[in-house]
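Asker: Sequence plus predicted model, see below.
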Amino acid sequence: AKTADGDIDIDGQGGGSASSVASKGVMIYSGSSLSAGGDGNLTIDGTAGSGTYQNDGVFFNSGTSASVVDGDMTINGTGGGSAGLGLGVNVTNTNLSATGTGNIVIDGTSAASGGFNNVGVQLWASTVTTAGAGTGEGDVTISGSAGSGTANNMGVRLSNVDIDTGTNSKIDIDGSGAGSGAGNIGVQLTSGTNQTVSGPRGLIDIVGSGSATGTTNNDGVDLGTYTNLNFNDGGATITGTGAGTGQSQGITGTRVTTTGTGDLTMTGSSLATGSSNQGISLSASTIGGGTVTLTGTGGAGTSNNQGVRLAATNVTTTGGSIDVDGTGKGTAVYNTGVQLVGSTLDAGGAGTIDIDGTAGNGTIFNEGVQLSAGSTVKTAAGAIGIRGTGMGTITGNRGVSLSGSTAESTGGGNITILGTASTSSSGALNDGVS
């Protein structure tokens, strides 16, 4: 379907019975192309029919494309079914583009009532590109709400996807997971070396919340593996809230790379019970920005609920500050406020570094700030401040622990380390600074 300057409107309602499968609201078959020229808008609304599984609201099959110029592209889908795979909007190996001032909006809701993989919006091996150069032009908005069921019911899932916007455009991604089992993540960017979300001078905003009724791995935002966020001078904000009964982080990722001269802010919190519920947990990653702010709050469970945990991760700026603020929670052990394991914080120019950590009030080794395994905190000329408060009832609840690590200002900046150990511990090794 193609217009020179007119709108394209597609509205579909799936049929079927309670035992039907694959009752899509709108199905775009392989090889199809939708193009609205000039100021024409492209609008697709699809609602899945009754049945068991694979009932998507809108499904773009492999090898399809959709484009607008100065009009907007809007895709709304509601998935359904009783046995899983009821996606709101499902886009596979498809090119979505706005070549003029048009915006792209994708909004998906899964109304499926059981099973797994009831995802609000899923993009797989696809590209989303816009070219708008002015404010309010070329924005990309993706919103997804997962359906109920058991496992892997995510709000938004992007796998091997490129999202590239115009000069001053915004990228907004917002997802809410749902379900009673594991892996019900708010926003997930799954493994793929060519996975890039970029905005030359615009803003990237990612918000995700995991299922509050789930079990484990119900993360708020899972940045996946080998994900690249390139925000240039526009900046990026990532906010995640994990939930469930354990191992559910606010923000998590492995081998993640962020680049840009704009400011990067990550705020992660976990509402999960149990253990290993970090506010922010990054491993083997390279995090850069004009300034970098990491704020994390662990879940109020038992053990290993760190506020911010960085493992083999490098955080760098070219002249801006690095601020890391973590609050651990939990009733048992290793609920550290800020934990760096073999990681580096490096602020260039006059940039400063501030680390503030408060431990959870557990039993043993609940330290405010812990730097270990050769971690380095370094500035070129700016000051360094490390402040930690230990909490706990028995042993090793230090304020600040620097074990085999380095704090260095190479250009004359001051270094301040303030540690307050737990005042309610009955055992040994409750040092203010160690």
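Answerer: Arrived safely, thanks for sending.
Asker: contacts and neighbour counts: CA atoms only from here.
Answerer: Noted.
Asker: gap between K329 and T336?
Answerer: 8 Å (CA to CA, to the nearest Å).
Asker: which residues do the two both contact?
Answerer: Common neighbours of K329 and T336, counting by CA atoms under 8 Å, 6 or more residues apart in numbering, are 305-307, 359-360.
Asker: quick one on the thing from earlier: so K329 and T336 - more neighbours on which side?
Answerer: T336 (39 against 35; other CA atoms under 10 Å).
Asker: May I have the phi/psi pair for that one?
Answerer: The phi and psi values for T336, taken as degrees, to the nearest 10, are phi -80, psi 150.
Asker: Show the model's pLDDT score for it.
Answerer: Per-residue pLDDT puts T336 at 98.
Asker: just S191 next, same as before
Answerer: According to the prediction, S191 has pLDDT 67.
Asker: now S424
Answerer: Listed pLDDT for S424 reads 88.
Asker: Just list the residues touching the closest residue to it other than its chain neighbours, thanks.
Answerer: Spatial nearest neighbour of S424, excluding adjacent residues (CA to CA, 6 or more residues apart in numbering): T393 at 5.5 Å. The neighbourhood of T393, defined by CA under 8 Å, 6+ apart, consists of 361-364, 422, 424-427.
Asker: Pull out the buried members of these.
Answerer: The neighbour count (16 or more other CA atoms under 10 Å) marks 361-364, 422, 425 as buried among the contacts of T393.
Asker: which one of those residues sits closest to A350?
Answerer: Of all those, S422 has the smallest distance to A350: 34.0 Å, by CA to CA.
Asker: For that closest one, list the residues it contacts.
Answerer: So S422 contacts 389-393, 397-399, 430 (CA under 8 Å, 6+ apart).
Asker: which secondary element of this protein has the worst mean pLDDT?
Answerer: Least confident element among the helices and strands of the chain, by mean pLDDT, DSSP states H and E: strand 195-198 (a mean of 73).
Asker: Provide a complete list of residue ranges assigned to strands in the stretch 1-150 of the chain.
Answerer: In the stretch 1-150 of the chain, the strands defined using DSSP state E, counting those that start in this stretch lie at 2-3, 8-13, 26-28, 33-36, 42-47, 58-60, 64-68, 73-79, 89-92, 94-98, 104-110, 121-124, 127-130, 140-145.
Asker: how about those strands in TSV, adding distance to D354?
Answerer: Listed next are the strands of the stretch 1-150 of the chain as TSV, based on distance: least, CA to CA, whole Å:
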stretch	distance to D354
strand 2-3	56
strand 8-13	53
strand 26-28	52
strand 33-36	51
strand 42-47	48
strand 58-60	47
strand 64-68	46
strand 73-79	43
strand 89-92	42
strand 94-98	42
strand 104-110	38
strand 121-124	38
strand 127-130	37
strand 140-145	34
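Asker: Can I get those in JSON lines including distance to I322 and mean pLDDT?
Answerer: Output for the strands of the stretch 1-150 of the chain, formatted as JSON lines (distance: least, CA to CA, whole Å; pLDDT from 0 to 100):
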{"stretch": "strand 2-3", "distance to I322": "50", "mean pLDDT": "96"}
{"stretch": "strand 8-13", "distance to I322": "48", "mean pLDDT": "98"}
{"stretch": "strand 26-28", "distance to I322": "47", "mean pLDDT": "97"}
{"stretch": "strand 33-36", "distance to I322": "45", "mean pLDDT": "98"}
{"stretch": "strand 42-47", "distance to I322": "43", "mean pLDDT": "98"}
{"stretch": "strand 58-60", "distance to I322": "42", "mean pLDDT": "98"}
{"stretch": "strand 64-68", "distance to I322": "41", "mean pLDDT": "98"}
{"stretch": "strand 73-79", "distance to I322": "38", "mean pLDDT": "98"}
{"stretch": "strand 89-92", "distance to I322": "38", "mean pLDDT": "98"}
{"stretch": "strand 94-98", "distance to I322": "36", "mean pLDDT": "97"}
{"stretch": "strand 104-110", "distance to I322": "34", "mean pLDDT": "98"}
{"stretch": "strand 121-124", "distance to I322": "33", "mean pLDDT": "97"}
{"stretch": "strand 127-130", "distance to I322": "32", "mean pLDDT": "94"}
{"stretch": "strand 140-145", "distance to I322": "29", "mean pLDDT": "97"}
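Asker: Mean neighbour count and distance to I171 for those strands - can I get that in TSV?
Answerer: What follows is these, written out as TSV (neighbours: other CA atoms under 10 Å; distance: least, CA to CA, whole Å):
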stretch	mean neighbour count	distance to I171
strand 2-3	16	27
strand 8-13	15	24
strand 26-28	20	25
strand 33-36	21	22
strand 42-47	23	19
strand 58-60	27	21
strand 64-68	24	17
strand 73-79	26	15
strand 89-92	25	18
strand 94-98	24	14
strand 104-110	26	10
strand 121-124	24	15
strand 127-130	23	10
strand 140-145	24	5
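Asker: who does the residue nearest the centre of the chain bridge with?
Answerer: What sits nearest the mean C-alpha location of the chain, by CA atoms, centre = their mean, is V221, with 3.0 Å. Counting by DSSP bridges, V221 is bridged to V187, I251.
Asker: That one and T99: what is the separation?
Answerer: Taken as CA to CA, the span from V221 to T99 is 30 Å.
Asker: Helices of the stretch 101-250 of the chain, residue ranges please.
Answerer: Remark: no helices are assigned in the stretch 101-250 of the chain by DSSP state H, counting those that start in this stretch.
Asker: about what we covered before: so of the contacts of S422, which ones are in strands?
Answerer: In this view, the contacts of S422 that belong to strands under DSSP state E are T389.
Asker: is it true that the residue nearest to the centre of the chain touches T241?
Answerer: Yes. In this structure V221 lies within contact range of T241 using CA atoms under 8 Å: 7.3 Å.
Asker: thought D172 was touching G199?
Answerer: No. Distance between D172 and G199: 10.9 Å, which falls outside the contact criterion (CA under 8 Å).
Asker: Among these two, which residue is more densely surrounded?
Answerer: More crowded of D172 and G199, by other CA under 10 Å: G199, with 28 against 17.
Asker: Who are the contact partners of the more buried one?
Answerer: G199 touches 164-171, 230-232, 234, counting by CA under 8 Å, 6+ apart.
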